[in-house]
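Peer 1: No sequence on hand, only this structure:
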């Protein structure tokens, strides 16, 4: 049981580091909230990234009322800012 906990903890810390490195200025993100279901989370656009002492992204300044959120509470959407994922979304929206 101890080994399982260590693996889970290591996985979570790896996931958080990957999440912060993926977020870029201009990305559309979901604002994670504790109570409502994920389908009702608000969307925002990243305007600025604030680095911590360790040079990792720690805080995002968002377009929604110039709010700030910790990176751990921001979920990036899987559509690239460059528009790579947009074409696939447009082609699937025409399906009925």
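Peer 2: Received the coordinates, thanks. Worth saying up front: this structure is predicted, and the values here are computed from it rather than measured. Numbering: from 1, shown residues only.
Peer 1: dump the residue contacts of residue 23.
Peer 2: If you count contacts by C-beta atoms under 8 Å, 6 or more residues apart in numbering, residue 23 has them with 29, 46, 49, 57, 60, 71, 74, 76. Yep, even glycine has a C-beta here, placed from its N, CA and C like the rest.
Peer 1: Below-threshold pLDDT in this structure: ranges please.
Peer 2: Within the chain, the stretches with pLDDT under 70 are 1-21, 65-66, 79-96.
Peer 1: Just the buried positions in the longest strand seen in it, please.
Peer 2: Across the chain, the longest stretch assigned as strand under DSSP state E is strand 43-51. Of the residues in strand 43-51, 44, 46, 49 count as buried by neighbour count, 16 or more other C-beta atoms under 10 Å.
Peer 1: what separates the first one from residue 54, distance-wise?
Peer 2: What it means is residue 44. 25 Å (C-beta to C-beta, to the nearest Å).
Peer 1: What segments of this structure are strands?
Peer 2: Secondary structure of the chain by DSSP E: the strands cover 28-31, 43-51, 57-62, 68-70, 74-76.
Peer 1: okay if I get those strands as CSV plus distance to residue 37?
Peer 2: Putting these into CSV (distance: least, C-beta to C-beta, whole Å) gives the following:
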stretch, distance to residue 37
strand 28-31, 12
strand 43-51, 15
strand 57-62, 21
strand 68-70, 19
strand 74-76, 13
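Peer 1: Which among those strands is found nearest to residue 22?
Peer 2: Across these, residue 22 has its closest neighbour in strand 74-76 (5.4 Å, C-beta to C-beta).
Peer 1: Can you give the strand pairings for that closest one, parallel or anti for each?
Peer 2: Here strand 74-76 is paired, per DSSP bridges, with strand 28-31 (antiparallel).
Peer 1: Going by neighbour count, which residues in the strand it pairs with are buried?
Peer 2: By neighbour count with 16+ other C-beta under 10 Å, strand 28-31 contains the buried residues 29, 30, 31.
Peer 1: next one: stretch 68-76
Peer 2: 69, 71, 74, 76.
Peer 1: partners of the first one in the sheet?
Peer 2: When bridges are called by DSSP bridges, residue 69 pairs up with residue 60.
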